[in-house]
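**Student:** Provide a 3D model corresponding to the input given below.
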Amino acid sequence: MTPEELRRIRVGAFHRLAAEELDAARLLATSHPAQAAYFLQQSVEKLARGVLEMLDVPVGPTHNIHQLALLMAGQDAWRDRFAALDELSVAATRYRYPGPKGTLGAMPLDRLVRLLDGVGRLNEEFGAILLAFANND
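**Tutor:** Take a look at the predicted model:
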């Protein structure tokens with residue numbers, strides 16, 4: 001397998017994971033909004049990692065959406081679309097672990113609905129880009 005073929009397979013996998021995590025967020029939105037926020041963050045992260053894989057940009061172990069967006073050098077419009085959802089970066093940990101005082105983070109439903117819409121649009125746009133690359137279209 002060539003490095004290019006491997007990149008296409010990895011980009012396809014990131015596309016699939018992003019879509020599945022968006023679906024999970026939608027399913028959990030009303031009953032478990034904090035967990036839904038976590039899956040939204042994961043969906044955006046997987047889309048960003050797919051884009052960066054497509055661009056052949058190495059990525060470290062960050063979950064920060066803004067940091068991932070900054071790696072999209074030369075793709076300013078793409079960078080801005082991802083950076084606009086940086087408020088989800090905290091969802092990687094805030095809703096999964098108690099804070100220093102033992103409290104759990106809460107995700108207001110109205111905010112979650114707004115974020116679901118934004119991540120849904122991002123998945124539509126960048127999912128198509130990633131899928132085209134993965135399929136060598």
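**Student:** which one is Arg26 nearest to, not counting chain neighbours?
**Tutor:** For Arg26, ignoring the flanking residues on the chain, the nearest one in space by CB to CB, 6 or more residues apart in numbering is Leu116 at 6.5 Å. Where C-beta positions appear, they are placed from N, C-alpha and C, glycine not excepted.
**Student:** Show me which residues of the one helix or strand that neighbour maps to are buried.
**Tutor:** Assignment of secondary structure by DSSP states H and E places Leu116 within helix 109-134. For helix 109-134, a neighbour-count test (16 or more other CB atoms under 10 Å) marks 112, 115-116, 118-120, 122-123, 126-127, 129-131, 133-134 as buried.
**Student:** so which of these comes closest to Ala37?
**Tutor:** The closest of these to Ala37 turns out to be Leu112 (CB to CB; 6.1 Å).
**Student:** Against Leu27, how distant is the residue positioned nearest the centre of the chain?
**Tutor:** A centroid search over the chain (CA atoms, centre = their mean) returns Val44, at 1.2 Å, as the residue closest to the centre. Counting by CB to CB, to the nearest Å, the gap from Val44 to Leu27 is 17 Å.
**Student:** roughly how far apart are the residue located most distally from the centre of the chain and Pro3?
**Tutor:** Going by CA atoms, centre = their mean, the residue of the chain most distant from its centre is Lys101, 28.6 Å out. From Lys101 across to Pro3, the span is 48 Å (CB to CB).
**Student:** Gly12 too?
**Tutor:** Taking CB to CB, one finds Gly12 at 15 Å from Pro3.
**Student:** Looking at the two, which is more packed in?
**Tutor:** More crowded of Gly12 and Pro3, by other CB atoms under 10 Å: Gly12, with 17 against 8.
**Student:** The more buried one and Gln75, how far apart?
**Tutor:** Noted for Gly12: a distance of 20 Å to Gln75, by CB to CB.
**Student:** Equivalent analysis for Glu125, please.
**Tutor:** Taken as CB to CB, the span from Glu125 to Gln75 is 13 Å.
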